[in-house]
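>>> no letters, just coordinates:
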């Protein structure tokens, strides 16, 4: 069971795309337009500014950082402290680019909003993009209801994506070339849960960030909720890390819209100890 959460870092804007690497949590402070790292003791350090709003993070096999650039629908690559274009998603993404997961071969799967839901636009299903290590882009899957957080199982054979507006975790089989097939519902979460960021543990369960119900839920395939962590703010994303992989890092926000998040700086990083360590990608 998840232990009592503690505050690791406070006064941030809006945290997305958390990844544990090299003894630190890497995270996009999305509405501050920057990528930062946070140590377990709470020290925050700037990695790079991203004026076009960062989201998903990942790494190529040689260690170069990839960052989703939301507003111009690109994936950027950090080269010598400077961001350079890696892939252009504008031919597939019908609105802001969003979260991303990168596999061991350096292939990145990137979602997008599909449409401007905040402005009340008509629903448009989104395409999940597959970005090859050389920057080539193709469609991996379509017809998704706001694809959000993603994980890849340790064997590299299954991708699970949070479909926020379908209230589901949806699984695909990953083929040898990275293409996706065999779409299926991994877990139906109920109409109150709009899944956002997710992470996978060594027992095959998935921790799901639920902004509306202000919880992180540990869910087994099929939909059984076996643990939950309830807080007083919107839960945006989660990641497993720490020295033994048993620290559940939880990103929470006092406000979700950009203007409010920037004004309030109510973004906070929490941490709780759990029994089962993280697994797979990210």
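Good, I have the coordinates. Quick caveat, the model's predicted, so the values are computed rather than measured.

>>> surely residue 75 touches residue 60?
No: with contact taken as CB atoms under 8 Å, residue 75 and residue 60 are classed as non-touching, separated by 10.7 Å. Where C-beta positions appear, they are placed from N, C-alpha and C, glycine not excepted.

>>> where do the contact lists of the two overlap?
Counting by CB atoms under 8 Å, 6 or more residues apart in numbering, the shared contacts of residue 75 and residue 60 are residue 66.

>>> looking only at neighbour counts, state which of those two leads.
Set side by side, residue 75 and residue 60 show more neighbours around residue 75, with 24 against 17, by other CB atoms under 10 Å.

>>> give me every residue that touches residue 46.
Residue 46 touches 34, 35, 36, counting by CB under 8 Å, 6+ apart.

>>> which one of those residues is nearest residue 282?
The nearest member of the contacts of residue 46 to residue 282, counting by CB to CB, is residue 35 at 14.1 Å.

>>> gap between the closest one and residue 69?
With distances taken as CB to CB, to the nearest Å, residue 35 is found 11 Å from residue 69.

>>> ok, now residue 80?
Distance, residue 80 to residue 69, by CB to CB: 18 Å.

>>> which one's more surrounded, those two?
Shown here are residue 80 and residue 69; by other CB under 10 Å, residue 69 has more neighbours (23 against 6).

>>> name whatever forms a beta bridge with that one.
Per DSSP bridges, the residues bridged to residue 69 are residue 54, residue 74.

>>> quick check, it in contact with residue 96.
No: between residue 69 and residue 96 there is no contact under CB under 8 Å: 9.6 Å.

>>> quick check: next helix or strand after the lowest-mean-pLDDT helix or strand in the chain?
None of the helices or strands of the chain scores lower by mean pLDDT, DSSP states H and E than helix 258-264, at a mean of 88. Toward the C-terminus, helix 258-264 is succeeded by strand 267-273 as the next helix or strand (DSSP states H and E).

>>> buried ones in that following strand?
Judged by neighbour count using 16 or more other CB atoms under 10 Å, the buried positions of strand 267-273 are 267, 268, 269, 270, 271, 272.

>>> include pLDDT and distance to residue 223 when you put those into JSON lines, please.
Shown next, in JSON lines, are the buried residues of strand 267-273 (pLDDT from 0 to 100; distance: CB to CB, whole Å):
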{"residue": "267", "pLDDT": "95", "distance to residue 223": "29"}
{"residue": "268", "pLDDT": "97", "distance to residue 223": "29"}
{"residue": "269", "pLDDT": "98", "distance to residue 223": "28"}
{"residue": "270", "pLDDT": "98", "distance to residue 223": "25"}
{"residue": "271", "pLDDT": "98", "distance to residue 223": "26"}
{"residue": "272", "pLDDT": "98", "distance to residue 223": "22"}
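
>>> show me what contacts residue 30?
Shown in contact with residue 30 (CB under 8 Å, 6+ apart): 13, 14, 15, 16, 17, 53, 54, 55, 70.

>>> so who does the first one touch?
Spelled out, that is residue 13. Counted by CB under 8 Å, 6+ apart, residue 13 has contacts 29, 30, 31, 32, 261, 262, 265, 267.

>>> hmm, which two among these are most spread apart?
Largest separation among the contacts of residue 13 by CB to CB: 30 and 265, giving 12.8 Å.

>>> before we move on, the earlier item: quick check, nearest of the contacts of residue 13 to residue 165?
Using CB to CB, these come closest to residue 165 at residue 30, 19.2 Å.

>>> for that closest one, give me phi and psi.
When read as degrees, to the nearest 10, the backbone of residue 30 gives phi -60, psi -50.
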